[in-house]
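Chemist: Quick one, fold the following:
(one chain, ligands or ions: 1)
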Amino acid sequence: MNQVLSYILIPLVVLVLFLGAFILLRTARFPRPVPNIPPLERAEVDGEKVAQHLGEAIRIRTISNMDLANNNGGAFFELHRLLERLYPKTHAALHKEVVNEYSLLYSWVGRDPELEPILLASHQDVVPVEESSLNDWIYPPFEGRVADGFVWGRGSMDIKCGVIGIMEAVEHLLEAGFQPERTVYLAFGHDEELGGKNGASAIVQLLKSRGVTLASVLDEGTAVMENMLPGVKVPVALISTGEKGYLSLELSSESAGGHSAMPPSHTAVGKIAQAINRLEANPFPPHKRFIVDLFRSVGSDLPFGMQLIFANMWLFGGVALKKLEAAPATNATLRTTLAATMIEGGIKDNILPRKARAVVNCRILPGEDLRSTYEHVMETVNNGEVSIKPLGSDTLEGISGWDPSPAADLNNPMYLCAERVVRQTFPQAAVAPFLMLGATDSRHYAHICPCVLRFAPYQVTADDISRVHGVNERLSIENCETMVVFYIAYLRECAG
Ligand SMILES: [Zn+2]
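Modeler: Numbers count the residues shown, from 1 in each chain. Now for the predicted structure:
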């Protein structure tokens with residue numbers, strides 16, 4: 001008996017020990033290696049002065065209205081004049097072009113014309129403030145008040161701080177006699193909040209027509225986030241390397257109508273409901289790449305249990321996936337998502353609807369595209385009585401959606417350069433690549449650049465982020481200073 005037991009037990013114990021060692025070894029090798037980099041020689045920047053300049057920019061109401069005819073063009077000209085006044089050296093040394101009346105493109109010619117240029121982007125426009133929310137603002141949204149350690153107002157975070165931060169950095173570098181090796185473009189669109197068609201897209205067309213390709217673009221995007229991941233005690237600086245695509249589809253169904261006392265088994269409304277139900281029950285397949293890249297980069301700052309799980313997805317993949325899918329934010333990083341956002345049909349309670357329609361909004365993961373998303377929705381609904389087409393168009397051509405932007409390679413030297421400067425500027429933070437879930441101007445640059453990065457160099461909490469496009473948007477004076485320090489270091493390091 002004893003001998004039989006030992007025949008079974010010994011191999012079993014050996015197997016368990018071997019498996020345990022294998023899991024631990026994989027866990028130990030999981031974190032992405034953190035390079036050894038020297039600390040930053042922080043440039044001397046007066047945060048209070050930067051905050052005052054940002055306040056001046058906030059006072060100018062460059063609001064993006066959906067109705068372009070109502071766009072306050074004069075305000076954009078006023079902002080241009082403010083930039084000229086605040087940054088005279090920049091305006092003397094850089095070549096400025098105005099694109100489509102309001103957008104700005106500056107060129108700072110580098111010493112070496114052989115090197116591909118880089119571009120820093122931000123946008124001049126801001127979203128409107130809802131009339132009904134005015135009483136909830138501690139300081140009025142367009143006063144640009146500097147108080148209690150913050151600059152308050154619309155655009156303080158999104159993203160006049162980018163325009164001011166970049167201009168301050170260039171002015172500072174010019175004062176110090178710096179000239180970049182690479183040519184540097186500064187691009188400030190005027191309609192990012194409307195999709196960037198007349199601003200960033202036109203700037204890209206202009207550069208393209210001149211045969212310009214860019215080594216790197218750094219635009220607004222994700223930031224240094226506090227308390228971003230459960231169990232991670234340090235802030236995480238998220239550099240978004242890709243951006244999701246966008247597609248709205250209209251589902252419609254027709255039926256004969258008539259009296260609701262003698263209904264068919266499915267009314268037009270019922271067919272649409274069934275289609276939506278199928279779509280919600282059959283989500284797009286998950287791709288763990290972005291999440292695993294994120295967790296690998298957070299590395300040893302991740303709780304040990306999470307490192308163990310994500311290092312051994314072959315074993316724990318199912319458990320991990322369930323957890324990630326449970327939260328909307330991580331689920332959206334895993335897959336193309338789909339949300340039924342509009343529905344209508346029927347005119348009276350006792351009349352069969354002749355027509356019903358719904359709109360589903362899809363956010364497409366890099367690696368998939370408009371066509372594959374459209375086809376997935378059609379295959380999943382699989383009902384000849386429900387017609388599906390892109391919203392506002394019969395075909396995918398000419399729609400207002402767009403393909404996802406491909407993610408930059410994490411070994412691209414320009415990514416590594418940006419990552420290095422982020423580490424130096426925010427030594428307290430872990431630095432990780434991420435996926436931009438919302439839309440920014442930067443997607444337009446993917447046409448002329450393989451390394452488009454989305455990063456706002458300020459450190460914030462989830463509460464701060466909720467103020468963007470909301471009430472009491474504000475940026476700390478400390479962040480005003482850090483942003484300029486970052487842009488100076490970035491230009492020295494990645495263009496110098
Ligand atoms: Zn923005």
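Chemist: Is the closest residue to G47 other than its chain neighbours in a helix, a strand, or coil?
Modeler: Nearest residue to G47 in three dimensions, chain neighbours excluded: E481, at 3.0 Å (Cβ to Cβ, 6 or more residues apart in numbering). C-beta coordinates here come from the backbone N, C-alpha and C atoms, glycine included. Assigned state for E481: helix (three-state reduction, DSSP: H, G, I helix; E, B strand; the rest coil).
Chemist: Could you double-check that E481 sits in contact with E44?
Modeler: No. Contact between E481 and E44 fails when scored by Cβ atoms under 8 Å: they sit 9.8 Å apart.
Chemist: Tell me which of those two has more neighbours.
Modeler: Shown here are E481 and E44; by other Cβ atoms under 10 Å, E481 has more neighbours (22 against 8).
Chemist: per-residue confidence at the more buried one?
Modeler: For E481, the pLDDT comes out at 98.
Chemist: Kindly report the same for the one 4 residues further on.
Modeler: At V485 the predicted local confidence, pLDDT, stands at 98.
Chemist: Which residues are in contact with it?
Modeler: 40, 42-43, 45, 425 (Cβ atoms under 8 Å, 6 or more residues apart in numbering).
Chemist: hang on, isn't R423 packed against I37?
Modeler: Yes. Applying Cβ under 8 Å, one finds R423 in contact with I37, separated by 6.0 Å.
Chemist: Compare those two and say which is more crowded by neighbours.
Modeler: Taking neighbours as other Cβ under 10 Å, R423 and I37 compare with R423 leading, 18 against 12.
Chemist: pLDDT on the one helix or strand the more buried one maps to, on average?
Modeler: Secondary structure from DSSP states H and E places R423 in helix 413-425. Here helix 413-425 scores 97 as its mean pLDDT.
Chemist: likewise stretch 112-131?
Modeler: In this model, stretch 112-131 has a mean pLDDT of 96.
Chemist: ok so S248 is a helix residue?
Modeler: No. Checked against three-state DSSP, S248 lies outside a helix; its state is strand.
Chemist: For it, give me its contacts.
Modeler: 341, 359-362, 390-392, 400-401.
Chemist: Of all those residues, the one with the weakest confidence?
Modeler: Among these, S400 has the lowest pLDDT, at 80.
Chemist: That residue - nearest residue in space that isn't next to it in sequence?
Modeler: Leaving out its chain neighbours, S400 is closest to G392 (Cβ to Cβ, 6+ apart), at 6.6 Å.
Chemist: now the one you found, what's its secondary structure?
Modeler: Per three-state DSSP, the local secondary structure of G392 is coil.
Chemist: and what of L453?
Modeler: L453 ends up strand, using three-state DSSP.
Chemist: re earlier: pull the contacting residues for the residue nearest to G47.
Modeler: Residues near E481 by Cβ under 8 Å, 6+ apart: 45-47, 50.
Chemist: Equivalent analysis for A121, please.
Modeler: By Cβ under 8 Å, 6+ apart, A121 lies in contact with 162, 186-189, 200, 217-220, 441-442, 445.
Chemist: Could you verify that it is part of a helix?
Modeler: No. Assigned with three-state DSSP, A121 falls outside any helix and is strand.
Chemist: Quick check: the residue of the stretch 1-150 of the chain nearest the ion.
Modeler: H123 (5.6 Å; Cβ to the ion).
Chemist: wait, isn't that residue in contact with E220?
Modeler: Yes. Assessed by Cβ under 8 Å, H123 is found in contact with E220 at 7.2 Å.
Chemist: that older thread, distance check, the residue nearest to S400 against I399.
Modeler: 7 Å (Cβ to Cβ, to the nearest Å).
Chemist: one step back: return the subset of the contacts of V485 lying in helices.
Modeler: Those of those mapping onto helices are T425, per DSSP state H.
Chemist: can you list the contacts of V485 in JSON lines and add neighbour count and distance to the ion?
Modeler: Putting the contacts of V485 into JSON lines (neighbours: other Cβ atoms under 10 Å; distance: Cβ to the ion, whole Å) gives the following:
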{"residue": "L40", "neighbour count": "19", "distance to the ion": "26"}
{"residue": "R42", "neighbour count": "14", "distance to the ion": "26"}
{"residue": "A43", "neighbour count": "17", "distance to the ion": "25"}
{"residue": "V45", "neighbour count": "21", "distance to the ion": "23"}
{"residue": "T425", "neighbour count": "23", "distance to the ion": "21"}
